[in-house]
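J.: Give me coordinates for this.
(chains A, B, C and D)
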Protein chains: 2
Amino acid sequence: MIRITREADYGILLMTALAQAKGQPCSAAALARQRRLPLPMVSKILKTLTRAGLLKSQRGAQGGYILALPAAEISAADIIGALEGPIAITACSDESHDRCTRQEDCEVSGHWPRINFAIYTALQSISLEELSQPLASRPVRFHSLSRATTVRTVDRPV
Amino acid sequence: MIRITREADYGILLMTALAQAKGQPCSAAALARQRRLPLPMVSKILKTLTRAGLLKSQRGAQGGYILALPAAEISAADIIGALEGPIAITACSDESHDRCTRQEDCEVSGHWPRINFAIYTALQSISLEELSQPLASRPVRFHSLSRATTVRTVDRPV
DNA sequence: CTAATCGGTACCGGATTAGTACTATTTTCA
DNA sequence: TGAAAATAGTACTAATCCGGTACCGATTAG
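T.: From the prediction side, this is the model:
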């Protein structure tokens, strides 16, 4: 399973909360209560998102965080990217490519960027605005994605 | 950064090797040598891919592995899915959804499937055949994906 | 019957991540 | 002017997860 860190997971939860607050500043404590997440973690994440330019912070009493941009202009890729660094898959395809000493033999190395780009595009096509609209009809349950018809997979217990 | 396990990474390397071998059975040892990967790991991965129906195995002397389907009919999603389970992001969106006790408060929970589906589609659009063609022009270096224009991210040292 | 090869399970060490604690800085408000 | 509220930053710890290994059983060719 492709994975992102819990930090990014929480990040999306927090950003949607802020999007729904529509301009009203929210303190880290209020957000943590609302989403039932550990406060220190929430603080940390909000700080990172602020440094990334996705949030604006106001210190002092009555302070808090607000979105730095309209929700429509923030994508899932932005949020995840801010919290996890550049969106890229695999040890072989990020900046630390140097240590991949078998580059010459690694015929696919040049192909990972294509895969990464596909994923990046997919994530960028989803805006925070969409994510923060409580969906009307109850969840279409995609949870186990149907596999390709020609192929069966084993379902590992997770 | 979004990550897959090294298992899936190796899996793609091995599958491309087998695709290039075009029907000629390859032993685990031969593949490990060719790709310079640790043999036990290679064994493990090939076994999993076989169980998933992507490879056929032949035991005994002169045995080995071959693709179970034409390379054009195998996608990156198939390979990654076989090695990592269903393609899904985050603890909150897979089968073990039960343990996500804050489901009611979690407005986005219904949206993860959309994100997952986008990624799944992106991965499925890339066939093993494409991946195993040594690309003519040397790698377009996407390595650091350019971020959204409106947003700056901190580059964590990886 | 022997060697080669795949099949399966159990286990360990190390890296990464989640989470915490503490302190400094800034701002509001009485 | 001082106290309280809130963010900012850094350093640290504990637990989880993953890569990798070892070992033995099963199967087939010659």
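
J.: just checking, A:Arg35 touches A:Ala17?
T.: Yes - counting by Cβ atoms under 8 Å, A:Ala17 is a contact partner of A:Arg35 at 6.0 Å. The C-beta positions use only the backbone N, C-alpha and C, and glycine is treated the same way.

J.: what about those two, which has more around it?
T.: A:Ala17 (22 against 18; other Cβ atoms under 10 Å in any protein chain shown).

J.: Do any residues in the top helix by length along chain A lie close to DNA strand D?
T.: Longest helix in chain A, counting residues (DSSP state H): helix A:6-21. No - Helix A:6-21 lies out of reach of DNA strand D by Cβ under 7 Å from any atom of the strand, never closer than 10.2 Å.

J.: how many other residues sit next to the closest residue to A:Thr16 other than its chain neighbours?
T.: Excluding the flanking residues, the one nearest A:Thr16 by Cβ to Cβ, 6 or more residues apart in numbering or on different chains is A:Ser132, at 4.1 Å. A:Ser132 has 22 neighbours, counted by other Cβ under 10 Å.

J.: Local confidence estimate at whichever residue of chain A sits closest to DNA strand C?
T.: Proximity to DNA strand C, evaluated over chain A using Cβ to the nearest atom of the strand, is greatest for A:Gly60 at 2.6 Å. Listed pLDDT for A:Gly60 reads 86.

J.: name the element A:Ala29 belongs to?
T.: With elements taken from DSSP states H and E, the one containing A:Ala29 is helix A:28-35.

J.: The very next helix or strand once past that helix: which residues count as buried?
T.: As assigned by DSSP H and E, the chain's next helix or strand after helix A:28-35 is helix A:39-51. For helix A:39-51, a neighbour-count test (16 or more other Cβ atoms under 10 Å in any protein chain shown) marks A:Val42, A:Ile45, A:Leu46, A:Thr48, A:Leu49 as buried.

J.: any chance of these in JSON lines, with pLDDT and distance to B:Thr121 too?
T.: Written out in JSON lines, the entries for those read as follows (pLDDT from 0 to 100; distance: Cβ to Cβ, whole Å):
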{"residue": "A:Val42", "pLDDT": "92", "distance to B:Thr121": "32"}
{"residue": "A:Ile45", "pLDDT": "93", "distance to B:Thr121": "28"}
{"residue": "A:Leu46", "pLDDT": "93", "distance to B:Thr121": "32"}
{"residue": "A:Thr48", "pLDDT": "92", "distance to B:Thr121": "29"}
{"residue": "A:Leu49", "pLDDT": "93", "distance to B:Thr121": "28"}
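
J.: Dump the residues you listed to TSV, plus distance to DNA strand C.
T.: Formatted as TSV, these follow (distance: Cβ to the nearest atom of the strand, whole Å):
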residue	distance to DNA strand C
A:Val42	9
A:Ile45	10
A:Leu46	12
A:Thr48	11
A:Leu49	14
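
J.: out of the residues you listed, which touch DNA strand D?
T.: Counting by Cβ under 7 Å from any atom of the strand, the members of the buried residues of helix A:39-51 near DNA strand D are A:Leu46.

J.: of all the buried residues of helix A:39-51, which comes closest to DNA strand D?
T.: A:Leu46 (5.9 Å).

J.: tell me the contacts of that closest one?
T.: A:Leu14, A:Ala28, A:Leu31, A:Leu55, A:Ser57, A:Tyr65 (Cβ atoms under 8 Å, 6 or more residues apart in numbering or on different chains).

J.: Out of these, flag the one nearest to chain B.
T.: A:Leu14 (10.2 Å; Cβ to the nearest Cβ).

J.: can I assume that closest one is in contact with A:Leu39?
T.: No - counting by Cβ under 8 Å, A:Leu14 stays clear of A:Leu39, with 11.8 Å between them.

J.: The closest residue to A:Leu123 other than its chain neighbours: how many residues sit nearby?
T.: With sequence-adjacent residues excluded and distances taken as Cβ to Cβ, 6+ apart, A:Leu123 is closest to A:Ala77, at 3.8 Å. For A:Ala77, the number of neighbouring residues by other Cβ under 10 Å comes to 23.
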